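>>> just to be clear, the model below is a prediction. Sequence and coordinates:
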Amino acid sequence: MDEHDISYYIETLILLAGAVVAAPLAKRTGLGTVLGYLLVGVIMGPVLRIVGGGNQILDFAELGVVLLLFLIGLELTPSRLWSMRQEIFGLGLLQVVITGLILFALVLMLRPQAMSAAIIIGFGLALSSTAFALQILEERGERNTEAGRRAFSILLFQDLAIVPLLAMIPLLTPYGAGMEASPVRDFAIAVAAITCLVLVGRYVLNPLFQLIGSTGAREAMIAAALLVVLGSAVLLQVVGLSMAMGAFLAGVLLAESSYRHELEADIEPFRGILLALFFMAVGLSLNLDVVVNHLGLIIVAVPCLMVTKGILIYGLCRLFGSTHNNALRIAGLLPQGGEFGFVIFTAAAGAHIFSQDTASILIVIVTVSMALTPFTTYLARRLESEKAEEEMEENFENAGSDILMIGFSRFGQIVCQTLLAGGSDVTIIDHSADQIRNAAKFGFNIYFGDGTRKDVLLAAGIKRTKLVAVCTHGQATTDRIVDLIHAEFPDAKLFVRSHDRTHTLALRKKGIDFEIRETFESSLAFSRKILETLGIDDETAREIVDDIRRRDEERLQIQAIEGFYAGGNMLHTKPVRPEPLIKPKRASERLDLKDTAEAGE
């Protein structure tokens, strides 16, 4: 191994160490992992010059964005994607066109350029960072919110817009270079490639995965997953589309596959480490000399870009019906330049539309705007008006299983863990957007919905379920759900979390199949541990707890007939002497009364 190889491995180790340190520190300080990785890249590259080759690493690390879009595609069936067409081709199209035109005008005002250069700069800066935005949405568990869905629609159209933007570069090249290219031919080739991808996805991929899965070769399944993602990405890049778009289409085509969850599990580790590498590479590729030499221009251009895009995105989102708070969140999430701007500006410089120095300045502007994104999302949150709990999109696609759980409280989470460990599939619905966001961070698949509504229960598959577990917090909400299910779905088997003893008695009157107070069994387990700590042996402690459980049940039965204050004699109000339930050392014998009388004489 030569010295060059050793230095390469050392730099790789340094980057991995930086990722290990940056992620938890950035999380703990509330900055988010994206900014943490970015700062590590800046420190190790331009500042300390420990690691070089940022642009080369960036080319490779863009695979992280590709894998991210594949995973997003896996969650979007073609029917759901079609239902988003208005936001993708309406909101997304208007954002790119209007933002591009206004930035084009601002470029001519702030730094006069040739018309062709201003067009490329304006529309190149109109694109936002898919990697940054989606990573922030994922960290906060907001991908399925109304704001997250609309932000994704804008980003998806921006990815589509890369194709015509790159196609414009040869047409805008000085001296008419590239005029021989045929846009009609290029379009036909792109359509043919997408058609080929769709046909392969529909008729080849499922049989392929079924064949590999039958062999039980885990490593072959992982290799096949990477082959599908990268093959689709490369195919579309070869015909002039983006790699990210190819991977996204592959994900959509496999969204209804029975192997969807396995593919997601196989790809996720690669996606995480490559995205971390991507963000660090952005920091590594920052050119400090360009920053120093054009500091004044960058200081003016970055806020001008972000404020302009933020205002336009906010206005367009409001025009399409977003609330003030959701429009603010989207505007705070997408004001930066995007990673595909690097590709467009580099290609434009290579075609002599503008100089390499101009391309470097633009790349620095995009990079700095990316670095400021966590702060703009924080600022947007601070500017939100006080409002009732956020509403998410009610989408119950693929819902329905043997068990329907309503409410994902702490109680419900423990129940869910037990059911999943037993091999049962659980459909979970909850009405708290914050609860769903938090659960999404841990990978739970929860549907947003109000369990007190009949249409929500039907959409969640209550007619197909074998058992309904009501694990909601409030007693009033629980009672409404129980009453609704009894009235509309009388054959449903109902297991209910009870709030307290009074609630237990009320639920039993309703004739539910099973109930349990949320604190009862945990209190018994807690008290048994205390008894054991005080020196009582395990068996005796267990018998004492069993006796208390039996007494409690008997008292409930008495209360159900005679009233809440009945059965008081079943309670222990003083220490029991001698120790209860301790077996005598020798068995008792029956005394004969005649023998006793004779002994008395």
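Thanks, I have the structure now. Numbers count the residues shown, from 1 in each chain.
>>> tell me the buried residues in the helix or strand where residue 305 lies?
Per DSSP states H and E, residue 305 falls inside helix 295-319. For helix 295-319, a neighbour-count test (16 or more other C-beta atoms under 10 Å) marks 298, 301-302, 304-306, 308-310, 312-314, 316-317 as buried. From N, CA and C alone the C-beta is placed, and that goes for glycine too.
>>> quick check: which ranges of the stretch 101-250 of the chain have low pLDDT?
Using pLDDT under 70 as the threshold, the predicted model of the stretch 101-250 of the chain has low-confidence ranges 141, 144, 163, 167, 174-184, 186-187, 240-242.
>>> tell me where it has strands.
The residue ranges that make up strands in the stretch 101-250 of the chain, judged by DSSP state E, counting those that start in this stretch, are empty, as it has none.
>>> follow-up on the earlier one: next, the buried residues of whatever helix or strand comes next after the helix holding residue 305.
Counting by DSSP H and E, the next helix or strand C-terminal to helix 295-319 is helix 324-333. For helix 324-333, the neighbour count (16+ other C-beta under 10 Å) marks 325-333 as buried.
>>> over to stretch 14-23?
Under the neighbour-count criterion of 16+ other C-beta under 10 Å, stretch 14-23 has 15, 18-19, 22-23 buried.
>>> now it: how far from the chain's centre is it?
A distance of 23 Å separates the C-alpha centroid of stretch 14-23 from that of its chain, computed with C-alpha atoms, centre = their mean, to the nearest Å.
>>> let's have the buried residues of helix 295-319 in TSV, adding pLDDT.
TSV is the format used below for the buried residues of helix 295-319 (pLDDT from 0 to 100):
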residue	pLDDT
298	88
301	91
302	92
304	93
305	93
306	94
308	94
309	95
310	94
312	95
313	95
314	94
316	94
317	93
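>>> switch those residues over to JSON lines; also include distance to residue 558.
As requested, the buried residues of helix 295-319 are exported to JSON lines (distance: C-beta to C-beta, whole Å):
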{"residue": "298", "distance to residue 558": "79"}
{"residue": "301", "distance to residue 558": "79"}
{"residue": "302", "distance to residue 558": "74"}
{"residue": "304", "distance to residue 558": "76"}
{"residue": "305", "distance to residue 558": "74"}
{"residue": "306", "distance to residue 558": "69"}
{"residue": "308", "distance to residue 558": "73"}
{"residue": "309", "distance to residue 558": "69"}
{"residue": "310", "distance to residue 558": "66"}
{"residue": "312", "distance to residue 558": "70"}
{"residue": "313", "distance to residue 558": "65"}
{"residue": "314", "distance to residue 558": "63"}
{"residue": "316", "distance to residue 558": "66"}
{"residue": "317", "distance to residue 558": "61"}
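>>> so where's the stretch 451-600 of the chain shaky on pLDDT?
Confidence mapping of the stretch 451-600 of the chain against pLDDT under 70 gives the ranges 572-575, 577-600.
>>> okay, strands next: where are they in it?
467-470, 494-498, 514-517.
>>> now the ones you listed as CSV including mean neighbour count?
Shown next, in CSV, are these (neighbours: other C-beta atoms under 10 Å):
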stretch, mean neighbour count
strand 467-470, 22
strand 494-498, 22
strand 514-517, 16
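>>> number of residues surrounding residue 323?
A count of neighbours around residue 323, defined by other C-beta atoms under 10 Å, yields 17.
>>> on that earlier part again, could I get the buried residues of helix 324-333 as CSV with pLDDT and distance to residue 132?
Rendered in CSV, the data for the buried residues of helix 324-333 read as follows (pLDDT from 0 to 100; distance: C-beta to C-beta, whole Å):
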residue, pLDDT, distance to residue 132
325, 88, 21
326, 88, 19
327, 92, 19
328, 92, 17
329, 91, 14
330, 93, 14
331, 94, 14
332, 92, 12
333, 92, 8
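>>> and the buried residues of stretch 14-23, which of them are in helices?
Secondary structure of the buried residues of stretch 14-23 is defined by DSSP state H; positions in helices are 15, 18-19, 22-23.
>>> can you list phi and psi of residue 537 for me?
Backbone torsions for residue 537, taken as degrees, to the nearest 10, come to phi -70, psi 160.
>>> give me phi/psi at residue 461?
Main-chain dihedrals, residue 461, degrees, to the nearest 10: phi 90, psi 30.
>>> wait, it sits on residue 403?
No: counting by C-beta atoms under 8 Å, residue 461 stays clear of residue 403, with 10.2 Å between them.
>>> anything in contact with each of the two?
Jointly contacting residue 461 and residue 403 under the rule C-beta atoms under 8 Å, 6 or more residues apart in numbering are residue 427.
>>> centroid-nearest residue for this structure?
What sits nearest the mean C-alpha location of the chain, by C-alpha atoms, centre = their mean, is residue 138, with 4.0 Å.
>>> for the nearest residue to residue 307 once chain neighbours are set aside, helix, strand, or coil?
Using C-beta to C-beta, 6 or more residues apart in numbering and skipping the chain neighbours, the partner closest in space to residue 307 is residue 335 (7.4 Å). When the structure is split into helix, strand and coil by DSSP: H, G, I helix; E, B strand; the rest coil, residue 335 lands in coil.
>>> let me see the contact set for residue 335.
128, 305-307, 309-310, 313, 369, 373, 376.
>>> picking up where we left off before, list just the nearest of the buried residues of helix 324-333 to residue 210.
Minimum distance to residue 210 across the buried residues of helix 324-333 is 39.3 Å, recorded for residue 333 (C-beta to C-beta).
>>> phi, psi of residue 408?
Dihedral angles phi and psi of residue 408 (degrees, to the nearest 10) take the values phi -110, psi 50.
>>> right, and it touches residue 416 too?
Yes: the pair residue 408 and residue 416 passes the contact test of C-beta under 8 Å, sitting 7.2 Å apart.
>>> overlap in contacts, the two.
Where contact means C-beta under 8 Å, 6+ apart, the residues bridging residue 408 and residue 416 through contact with each are 428, 444.
>>> between the two, who's got more neighbours?
Using other C-beta under 10 Å, the more surrounded residue of residue 408 and residue 416 is residue 408, with 24 against 21.
>>> so who does that one touch?
If you count contacts by C-beta under 8 Å, 6+ apart, then residue 408 has 416, 428, 430, 432, 435-436, 439, 444, 446, 471 around it.
>>> just residue 290 next, same as before
Neighbours of residue 290 in contact, by C-beta under 8 Å, 6+ apart: 357, 360-361, 364.
>>> include distance to residue 385 and secondary structure when you put those into JSON lines, please.
Compiled in JSON lines, those are given as follows (distance: C-beta to C-beta, whole Å; DSSP: H, G, I helix; E, B strand; the rest coil):
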{"residue": "357", "distance to residue 385": "44", "secondary structure": "helix"}
{"residue": "360", "distance to residue 385": "41", "secondary structure": "helix"}
{"residue": "361", "distance to residue 385": "38", "secondary structure": "helix"}
{"residue": "364", "distance to residue 385": "35", "secondary structure": "helix"}
